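Q: here's a sequence, model it:
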Amino acid sequence: MAVQTRVKVAKLEAPRHQGLDRETLIRIYRTMYLSRRLDDREIQLKRQNKIYFQISSAGHEAVTTVAGLLLRPGVDWIYPYYRDRALCLTLGVTPLETLLQAVGAKDDPSSGGRQMPSHWGHQKFNIVSKSSCTGTQFVQAVGAAEATLYYGHHPKALAQAQKAPLGESLDHDPEEIVYVSSGDGATSEGEFWESLNAACAKKLPLFYLIEDNGYAISVPVEVQTAGGSISKLVRNFPNLHVAECDGTDPLESYSVCKEAILYVRERRGPALVHAHVTRPYSHSLSDDEKLYKTAEEREGEARRDPLSKFALFLIREAVMDQKEIEALEAEVDREVREAGDQALAAAPPEASSVYSNVYSPDVDPTSPYFSAEPKFHGGPKTMVEMVAATLQDEMARDERITVFGEDVADASREENLRDVKGKGGVFKATAGLQRKYGADRVFNTPLAEASIVGRAIGMATRGMKPVAEIQFFDYIWPAMMQIRDELCVMRWRSDGKFKSPVVIRVAIGGYLTGGAVYHSQSGESIFTHCPGLRVVMPSTALDVAGLLRTAIRCDDPVMFLEHKHLYRQPYNRSEYPGSDYTVPFGKARLVKEGSQVSIITYGAVVHRAEVAAAALERNGVSVEIIDLRSLSPYDWDAIAASVRKTHRVVVAYEDMMSWGYGAEIAARIAEELFEELDAPVKRVAAIDTFCGYHPKLEDAILPQTDDITAAVTKLLEY
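A: Numbering: from 1, shown residues only. Now for the predicted structure:
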């Protein structure tokens, strides 16, 4: 038997109109009706095969319209979900702009025809581009709310953000808040709970609107949510204002949302409004609700339809008469028809536009601008010491930079710093940064990788420059949705209106003699397969300084892979190269010149290649070694030049042999340089299994110096 959610009945008498004047009441109805008619027009166009997808906001119009009235367009930051059409209309998005989404027009302000309709985004109104992923917006909204508080204490950071690309759209208001919404279904996602945990712990100015229409596609609320009520589940979160309302009643919704938003604006903490709405249409035109909703259910929803209910209220209260309502509806119908005609006549995007806004059009990290000569000083530093030194200099230069993750702070309890040395990361890569720059710039997060990356995305969208740490590459997978579907795609899917130039520092790799399965993983090829993401992996302390500084100063998201085995090796140390030393992405390092065989490699395998080359040299074999150091983009010109010189090549990498990073290099050499080869391209890599705990197992699994030597010898015999 289905669990029936009890919905509070609106009490209009006290005060009857919630203090809203006639003009505002008419505006509410007009927006609600406009939203519904735009839904209907899109459904009609989809059935005529003139658009390609449709998902409606029907039944959600009342609460989202009044939420839009209470929010401040272009001041507050908006993380909507796909049923927020009425909210967006209230904030200022036009009917034509919503239909330009539907037809996928070039001038669609949300995505330029790159996303489905109802994936809202509008730079002018701070409506941040929405993806199809349910729940990912929650942790990004947390990051945006953190930026609100940060800019309040760091006006210099805001000024720096405004001077950066897209900075003209950034501003800060002392009373601004962040809005985030979803249906009840998305509250089952881990990011929802992670976001509540962070928002309540930091008392963030974040307003949650949960629009509960009783279903997540075909899954009813009692199956989706324990107990059938999300508001009951979250009531014990500290600092969280929780309220429930009939979301089909605009006046009750207005009263409840007004109180919640005031709570947030007063910086008392986050607020969550649980609005009970309806879904009179199917989930989308790909769904048929008659397959799982009874006729009685659908009739009950029809009786709660916010449009008919509010129209009756306006007549009963003498706000409008029947003729005025009919005239208003006729005017809206004409507006929707005209907008539809304009949208159908709008130009589609050019096919060539698919290449634009994959990466920043303003800052090219592969350019000669990032080629700088080192100005050495001080004693030799290891790789891990160079990370801290580079971050320290960059944080002094750019107040937008925050550093966070698990265990990165010296001590979360700042009063303890008088008595303890401080941690500064499990590898000490961020040691001393909190002491120097404070706990609002260097801080620990909950153990939640999706939140770490999602919060960074939200901050970066607001113009900050977060440097987030994932403690071990082996534990990056909970953040995969945020990285692949959000971080990489933000600039492209918004057609350049929003960006997320986050730096994610990740400790990676094996050769640890005891790292075992879950502290030795490689898998860089998975991330080099993500358009929009730069991936670098230095093998020396000098390259750490140059590449990390480029990563921070470029305008794209960067995954900065730091090999754990190399952190404290004496052979790759360097003096500090100075606070302006940068290395361009996509430029390989010539480790050693040679004439007979080329070894293309990176990471911890570079040193193994050097040892192998030295042994081969003693036997009269001349080996050239190329350290890619930048994996996406990579230096094809350096590879091609080396292959044309030696005519034999080994691609050596730590990841598994099959489908690994080296496969792309080997395939391109075979495709484009086949006539230059005197032997097949040879790969040396880990075997296709997992890294074992015992050193003998690790040695057998990971590529060793002897494997490289044997590969070179075999090529020479070909």
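
Q: rest of the way, CA atoms for contacts and neighbours
A: Will do.

Q: for the stretch 601-718 of the chain, which segments are assigned as helices?
A: Using DSSP state H, counting those that start in this stretch, the helices found in the stretch 601-718 of the chain span residues 605-618, 636-646, 661-672, 695-701, 705-717.

Q: Leu233: which of those is closest?
A: Nearest of the helices of the stretch 601-718 of the chain to Leu233, taken as Cα to Cα: helix 661-672 at 45.1 Å.

Q: just to revisit the earlier point, just tell me which of the helices of the stretch 601-718 of the chain ends up closest to Gln44.
A: Short answer: helix 661-672, nearest of these by Cα to Cα, at 46.2 Å.

Q: now do that closest one against helix 636-646, angle only.
A: When axes from the mean of the first three to the mean of the last three Cα atoms, to 10 degrees is applied, the directions of helix 661-672 and helix 636-646 differ by 70 degrees.

Q: now helix 661-672: buried residues?
A: Neighbour-count burial for helix 661-672, counted by 16 or more other Cα atoms under 10 Å, picks out Tyr661, Gly662, Ala663, Ile665, Ala666, Ile669.

Q: in TSV: those, plus pLDDT.
A: Output for the buried residues of helix 661-672, formatted as TSV (pLDDT from 0 to 100):
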residue	pLDDT
Tyr661	96
Gly662	96
Ala663	95
Ile665	97
Ala666	97
Ile669	97
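
Q: surely Tyr634 touches Pro584?
A: No: contact criterion Cα atoms under 8 Å: Tyr634 and Pro584 do not qualify, at 10.7 Å.

Q: return the member of the buried residues of helix 661-672 nearest to Gln162.
A: Nearest to Gln162 among the buried residues of helix 661-672: Tyr661, at 37.9 Å, using Cα to Cα.

Q: what pLDDT does the model give the nearest residue to that closest one once chain neighbours are set aside?
A: In this structure, Tyr661 finds its nearest non-sequential neighbour in Ser525, 4.8 Å apart by Cα to Cα, 6 or more residues apart in numbering. Here the pLDDT value assigned to Ser525 is 96.

Q: doesn't Ser525 fall inside a strand?
A: No: assigned with DSSP: H, G, I helix; E, B strand; the rest coil, Ser525 falls outside any strand and is helix.

Q: quick check: it vs Val358, distance?
A: According to Cα to Cα, to the nearest Å, Ser525 and Val358 sit 18 Å apart.

Q: got a list of what Ala711 touches?
A: Val650, Lys682, Arg683, Val684 (Cα atoms under 8 Å, 6 or more residues apart in numbering).

Q: surely the first one is in contact with Val712?
A: Same thing as Val650. Yes: if you go by Cα under 8 Å, Val650 and Val712 touch, sitting 7.0 Å apart.

Q: which neighbours do these two share?
A: Val597.

Q: residues contacting Tyr82?
A: Residues near Tyr82 by Cα under 8 Å, 6+ apart: Ile55, Ser56, Ser57, Ser118, His119, Trp120, Lys130.

Q: go on, Met657?
A: Per Cα under 8 Å, 6+ apart, neighbours of Met657: Ala663, Arg683, Val684, Ala685, Ala686, Ile687, Asp688.

Q: show me just the buried residues among those residues.
A: Buried, going by 16+ other Cα under 10 Å: Ala663, Arg683, Val684, Ala685, Ala686, Ile687, out of the contacts of Met657.

Q: out of the residues you listed, list just those in strands.
A: Among the buried ones among the contacts of Met657, DSSP state E puts Arg683, Val684, Ala685, Ala686 in strands.

Q: determine which two of those residues are furthest apart.
A: Across these (Cα to Cα), the longest gap, 9.9 Å, separates Arg683 and Ala686.

Q: how much space between the closest residue to Glu244 other than its chain neighbours and Gln160?
A: In space, Glu244 comes closest to His274 once its chain neighbours are excluded; the distance is 4.7 Å by Cα to Cα, 6+ apart. Distance, His274 to Gln160, by Cα to Cα: 38 Å.

Q: got it, and Gly135?
A: 31 Å.

Q: of those two, which one has the most company?
A: The neighbour comparison of Gly135 against Gln160 (other Cα atoms under 10 Å) goes to Gly135, with 24 against 15.

Q: ok, the more buried one touching Glu191?
A: Yes: judged on Cα under 8 Å, Gly135 makes contact with Glu191 at a distance of 6.1 Å.

Q: and the helix or strand containing Leu328, what other elements does it pack with?
A: For Leu328, the element it lies in under DSSP states H and E is helix 322-345. In terms of contacts (3 or more Cα pairs under 8 Å, 6 or more residues apart in numbering; DSSP states H and E), helix 322-345 is packed against helix 22-47, helix 95-103.

Q: tell me which residues in the next helix or strand after it are buried?
A: Counting by DSSP H and E, the next helix or strand C-terminal to helix 322-345 is strand 377-381. For strand 377-381, burial by neighbour count (16+ other Cα under 10 Å) applies to Pro380, Lys381.

Q: what's next to strand 377-381, contact-wise?
A: With contacts defined as Cα under 8 Å, 6+ apart, strand 377-381 is touched by Ala541, Arg573, Ser574, Glu575, Tyr576, Pro577, Gly578.

Q: in those residues, find the pair that's most separated.
A: Arg573 and Gly578 (14.7 Å).

Q: who has more neighbours out of the two?
A: Arg573 (22 against 19).

Q: mind listing what that one touches?
A: Pro380, Lys381, Thr382, Met383, Thr540, Ala541, Leu542.

Q: ok, now Ser110?
A: Gln101, His119, Trp120, Gly121, His122, Ser129, Ser494, Asp495.

Q: three-state assignment of it?
A: coil.

Q: what about the closest residue to it other than its chain neighbours, neighbour count?
A: Of all residues not flanking Ser110 in the chain, Gly121 sits nearest, at 4.3 Å (Cα to Cα, 6+ apart). Neighbours of Gly121 under the rule other Cα under 10 Å: 26.

Q: from Ser218, how far off is Gly121?
A: Taking Cα to Cα, one finds Gly121 at 27 Å from Ser218.

Q: what of Ser520?
A: 42 Å.

Q: now stretch 267-279: average pLDDT?
A: Here stretch 267-279 scores 97 as its mean pLDDT.

Q: pull up the distance across that stretch, start to finish.
A: 33 Å.

Q: buried set for it?
A: 267-279.

Q: filter the residues you listed down to the ones in strands?
A: Ala271, Leu272, Val273, His274, Ala275, His276.

Q: now these in TSV, with distance to Phe207?
A: Output for these, formatted as TSV (distance: Cα to Cα, whole Å):
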residue	distance to Phe207
Ala271	5
Leu272	6
Val273	8
His274	11
Ala275	13
His276	17
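
Q: closest one to Glu675 out of those residues, please.
A: Using Cα to Cα, those come closest to Glu675 at Leu272, 65.2 Å.

Q: contacts only, for the closest one.
A: Leu272 neighbours (Cα under 8 Å, 6+ apart): Phe207, Tyr208, Leu209, Ile210, Ser231, Leu240, His241, Val242, Ala243, Ala260.

Q: buried subset of those residues, written for ChimeraX?
A: Applying 16+ other Cα under 10 Å to these, the buried members can be selected in ChimeraX as follows:
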select :207,208,209,210,231,240,241,242,243,260
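
Q: from the contacts of Leu272, which land in strands?
A: Checking those against DSSP E, those in strands are Phe207, Tyr208, Leu209, Ile210, His241, Val242, Ala243.
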